[in-house]
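*Asks:* fold the following, please.
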Amino acid sequence: MRNKKIIALSQSAVIAALYVVLTFVSALMGLASGVIQVRLSEALCVLPCFTAAAVPGLFVGCVIANLLTGCALWDVVFGSIATLIGAVLCRVLRRYRLPALLPNIISNAVIVPLVLMHVYGAPETFWYLALTVGIGEIISCGILGWLLGRVLAPHEERLFGRQD
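*Replies:* Numbering: from 1, shown residues only. Here you go, the predicted structure:
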């Protein structure tokens, strides 16, 4: 039992670290923040399909990445909550890999625009921001996440151990 907890904690830490590194790579390319976001790290949002340890890993990684890339406090808090909601629901839907990616896309496409509207003082931009953030999430989480899931699936037990 103790060994399983250590493995889960280790997986969470690695996932958080990967999220931060991939967010920095996206930031270097000018894609990590702002109206149009295509964070490579969002591809990792498929990982709750493989391991429950991905849920806290993605949340912690998002908090750290948002802090280190200079996001507004509102974005650190609520952007990370959007990722947490998506990760939890992805885990619930894990047996259905493609639909499991939708909660992250939807939660970010709804919550992040509300944050951006508040931070930038642009109250009438919700639908525009929802569209642009949603497109970025479809690319990063939907397409890249789905591809990552396809690559990892044949190696699932070896990489993540036996899951429920």
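
*Asks:* need the contact list for L159.
*Replies:* Residues counted as contacts of L159 (CB atoms under 8 Å, 6 or more residues apart in numbering) are F50, L152. Yep, even glycine has a C-beta here, placed from its N, CA and C like the rest.

*Asks:* repeat for G136
*Replies:* So G136 contacts L31, I36, Q37, V38, R39, E42 (CB under 8 Å, 6+ apart).

*Asks:* widest-spaced pair of the residues you listed?
*Replies:* Using CB to CB, these span at most 13.0 Å, a distance reached by I36 and E42.

*Asks:* neighbour count: the two, which is higher?
*Replies:* E42 (30 against 14; other CB atoms under 10 Å).

*Asks:* V119 is in contact with W74, isn't it?
*Replies:* Yes - contact criterion CB atoms under 8 Å: V119 and W74 qualify, at 5.6 Å.

*Asks:* wait, what's in contact with I85?
*Replies:* I85 sits in contact with P103, S107, I111, where contact means CB under 8 Å, 6+ apart.

*Asks:* and the second one, how many neighbours does it have?
*Replies:* Spelled out, that is S107. Considering only other CB under 10 Å, S107 is surrounded by 23 other residues.

*Asks:* any idea how far V55 is from it?
*Replies:* According to CB to CB, to the nearest Å, S107 stands 13 Å off from V55.

*Asks:* now swap in L68 and tell me
*Replies:* To V55, L68 is 21 Å away according to CB to CB.

*Asks:* L22 now?
*Replies:* 17 Å.

*Asks:* what does V112 give?
*Replies:* With CB to CB as the criterion, V112 and V55 are 19 Å apart.

*Asks:* and if you look at V133?
*Replies:* Distance of V133 to V55, given as CB to CB: 21 Å.

*Asks:* R95 too?
*Replies:* Separation of R95 from V55 (CB to CB): 16 Å.

*Asks:* more crowded one of those two?
*Replies:* Taking neighbours as other CB under 10 Å, R95 and V55 compare with V55 leading, 21 against 8.

*Asks:* thought the more buried one was touching V92?
*Replies:* No - using CB under 8 Å, V55 makes no contact with V92, being 10.2 Å away.

*Asks:* my read: M117 touches W127, true?
*Replies:* No - when contacts are counted by CB under 8 Å, M117 is not listed as touching W127 (10.5 Å).
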